[in-house]
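[1] Quick one, what's the 3D model for this:
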Amino acid sequence: MLNWNDVLKYAREGNLKPAKRVEKTEEEWKSVLSDESFRVTRKHGTEMPNSSDMCSLFEEGLYGCVCCGTLLFDASEKFESGTGWPSFTLPLEDNVINYIEDNSHGMSRVETTCSTCDAHLGHVFPDGPKPSGLRYCMNAAALKKQ
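    Numbering: from 1, shown residues only. Below you'll find the model as predicted:
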């Protein structure tokens, strides 16, 4: 099971190889994404907290990257974190998420991106529930319920 030490190792030493890669130009991404999803995923934005009802939805299913469709999370790993963003404990597979050290905004965090298309998803923190202890704090605009 992935843990915080694994996340830090990937962020510092390199990520696992994805199953496939999807690359498009900025104009191609703009043509297939909403303005908000483009801003969040391609420009590394953050949506306003509580701006989506995705935080309160706990139906069975899978969550994929809004850009390329890569399956990222199972709804069974979703939990109410009280942060205003959808939160998960583990990705579906270790190689679907890339981890990048992020020391912007006067803090030290680990950014998460889709390993298939490099879409900014959110950040991961070591304050989640057991057994992983991880909290994947995701932008709803970066996810698509499958």
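[2] Next secondary structure element downstream of the longest helix seen in the chain?
    When the chain is parsed with DSSP state H, its longest helix is helix 4-13. Proceeding N to C from helix 4-13, the next assigned helix or strand is helix 26-32, under DSSP states H and E.
[3] If you count contacts, what does that following helix end up packed against?
    Judged by 3 or more C-beta pairs under 8 Å, 6 or more residues apart in numbering; DSSP states H and E, the packing partners of helix 26-32 are helix 35-42. Where C-beta positions appear, they are placed from N, C-alpha and C, glycine not excepted.
[4] other SSEs contacting the helix it packs on?
    The criterion is 3+ C-beta pairs under 8 Å, 6+ apart, and the helices and strands that helix 35-42 contacts are helix 26-32, strand 120-125.
[5] How about the secondary structure of residue 100?
    Taking DSSP: H, G, I helix; E, B strand; the rest coil as the rule, one finds residue 100 in the strand state.
[6] For it, give the beta-bridge partners.
    Taking DSSP bridges, one obtains residue 111 as the residues bridged to residue 100.
[7] these two touch, right, it and residue 113?
    Yes. Between residue 100 and residue 113 a contact is recorded at 6.5 Å, counting by C-beta atoms under 8 Å.
[8] So which residue is smack in the middle of this protein?
    In the chain, the residue lying closest to the centroid (C-alpha atoms, centre = their mean) is residue 121, at 3.4 Å.
[9] what's next to stretch 120-129, contact-wise?
    Contacts to stretch 120-129, defined as C-beta atoms under 8 Å, 6 or more residues apart in numbering, come from residues 4, 7, 40-46, 65, 72, 79, 81, 85, 87, 89, 97, 99, 102, 109-114, 133-139, 142-143.
[10] try stretch 74-81
    Stretch 74-81 is contacted from outside by 55-56, 58-63, 86-90, 92, 128-129, 135, 137, using C-beta under 8 Å, 6+ apart.
[11] Of the residues you listed, select the buried ones using a PyMOL command.
    One line in PyMOL is enough to select the buried members of the contacts of stretch 74-81, burial here meaning 16 or more other C-beta atoms under 10 Å:
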select buried, resi 55+63+86+87+88+89+90+92+128+135+137
